[in-house]
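let's see this in three dimensions:
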Amino acid sequence: MTEFGGSVLPNISALWFIDCPDPAAELRAGAYIDPAATTDFMERAFTDAELTPIGTSDLAAAVDGADNRVFVAHYGRLAVLAGTSLRTADPHEMTSYLTDLGVGHTWALISVDPGADIGGFARWEGGEVQRAFFGTSSTISVDVGLPYPFEGPFWAGGHPQRSPNQPLALPFHPGALADAANHAWFGFGFHETDPVVDPALLPVTVYRIGPDDGRDGFVESSVPLHVPTTAREPELAAATAVPAAAETPPAPTEGFGEYQTEPIETVPAAAPAAAEERTPGPLSRFFGFRGRL
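Below you'll find the predicted structure:
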């Protein structure tokens, strides 16, 4: 378990596709899934994989999600792919994939893997890496471009690691810096308790990658599909499991916000076709299938 400043690093990787000047303001104004664009986005992202939509959830649930789950949403001028298995230690290996996917003019990657003690972030503009930083608690593996202003307090020692037995430890953990990058650009960090934008209010569609694992009836979620804007604690505690996506969600009640998504019917997974032998890409190796990623 990796800690910094008393906080546990989140286990999360997220790819953001940006076509707006202020993503955080876009999310604060209300994020609504475009179902058709989301389906098309996911199918282009995983062209050679067996995909099964299993329900709707929220982006906060992507933290510590199962390796065969991908949390995806196309919000119009923003899109996101998230999941613990979308991790990488070198953002350069993803440039050609992102170019092929071609969603948004700016791409951002947040990747934190506490188990492997690796974290980092990257941002592309016009298909070129403008800034990237990856490493472990004591090593730097990627350091490209000039630091962003939000990095200043980290380099100044404002977010020290809790690593008294590591004399060569960096002044911060790269995973903590990655989470700060997500906050600077999108209004929240995945470990924050009081973010400007609440990831539990950002709806996503959950996909299973690969064969049925017997858990499609339970969509990982931290809140109900209809999210109250006030007094959310009882709902948060009661929402460790959500009924099968084919069931009709309850009608919105007074005091509930507008953050709702259309239910996705659980569909049987098609029998996998004989796959052509190929070398897994930098992301697909974590899923155990040989796909485009």
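
leaving out the residues flanking it, which one is nearest to W124?
W107 (4.2 Å; CB to CB, 6 or more residues apart in numbering). Yep, even glycine has a C-beta here, placed from its N, CA and C like the rest.

count of residues packed around the one you found?
24 (other CB atoms under 10 Å).

that one is in what secondary structure piece?
strand 106-113 (DSSP states H and E).

list the buried residues for the helix or strand following that strand?
Next helix or strand after strand 106-113 toward the C-terminus (DSSP H and E): strand 118-125. Neighbour-count burial for strand 118-125, counted by 16 or more other CB atoms under 10 Å, picks out 118-124.

the very next helix or strand once past strand 118-125 pairs with which strands, and in what direction?
Going down the chain from strand 118-125, the next helix or strand is strand 128-135, by DSSP H and E. Paired strands of strand 128-135, with direction, are strand 118-125 (antiparallel), strand 140-144 (antiparallel) (DSSP bridges).

can I get those strands in TSV including distance to P167 and mean pLDDT?
Formatted as TSV, the strands paired with strand 128-135 follow (distance: least, CB to CB, whole Å; pLDDT from 0 to 100):
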stretch	distance to P167	mean pLDDT
strand 118-125	20	96
strand 140-144	16	96
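
got TSV for those, with distance to G214 too?
Converted to TSV, these look like this (distance: least, CB to CB, whole Å):
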stretch	distance to G214
strand 118-125	30
strand 140-144	37
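
what about the closest residue to G76 other than its chain neighbours, distance to G145?
Spatial nearest neighbour of G76, excluding adjacent residues (CB to CB, 6+ apart): D34 at 5.9 Å. Using CB to CB, to the nearest Å, we find D34 at a distance of 32 Å from G145.

can you pull the contacts of G115?
Applying CB atoms under 8 Å, 6 or more residues apart in numbering to G115 gives the contacts N11.

low pLDDT regions in this protein?
Residues of the chain that meet the criterion pLDDT under 70 lie in 1-7, 163-165, 220-293.

what's the first helix or strand after the helix ranked longest in it?
Scanning the chain for the longest helix, with DSSP state H as the assignment, gives helix 174-186. Remark: after helix 174-186, the chain's next helix or strand is strand 203-209, criterion DSSP H and E.

can you list the strands that that next one pairs with?
Strand 203-209 is paired, per DSSP bridges, with strand 51-58 (antiparallel), strand 69-74 (antiparallel).

now do the buried residues in stretch 97-116.
97-98, 101, 103-104, 106-114.

endpoint to endpoint, that stretch covers what distance?
24 Å (CA to CA, to the nearest Å).

report the distance from it to the chain centre.
Its chain's C-alpha centre lies 9 Å from the corresponding centre of stretch 97-116 when counted by CA atoms, centre = their mean, to the nearest Å.

try stretch 67-75
Distance, centroid of stretch 67-75 to centroid of chain: 7 Å (CA atoms, centre = their mean).

then stretch 180-193?
12 Å.

same check, this time on stretch 78-96
The answer for stretch 78-96 is 9 Å, by CA atoms, centre = their mean.

quick check: end-to-end length of it?
Start-to-end, stretch 78-96 (CA to CA) is 20 Å.

which one is Y207 nearest to, not counting chain neighbours?
V70 (4.8 Å).

go ahead and confirm the one you found touches V80.
No: under the criterion of CB atoms under 8 Å, V70 makes no contact with V80, lying 10.3 Å away.

report the beta-bridge partners for F71.
Where F71 sits in a bridge, its partners, by DSSP bridges, are A82, V206.

re earlier: so for P211, which of the strands paired with strand 128-135 sits nearest?
P211 sits nearest to strand 118-125 of all these, at 28.1 Å, using CB to CB.

chain center to the closest one: distance?
The answer for strand 118-125 is 13 Å, by CA atoms, centre = their mean.

helix 174-186 and that one, what's the angle between them?
Between strand 118-125 and helix 174-186, the angle comes out at 30 degrees (axes from the mean of the first three to the mean of the last three CA atoms, to 10 degrees).

residue contacts, Q166?
137-138.

could you measure the residue nearest to G76 against G102, distance?
D34 is 17 Å from G102, by CB to CB.

closest one of the buried residues of strand 118-125 to F188?
For the buried residues of strand 118-125, the nearest to F188 is F121 (14.2 Å; CB to CB).
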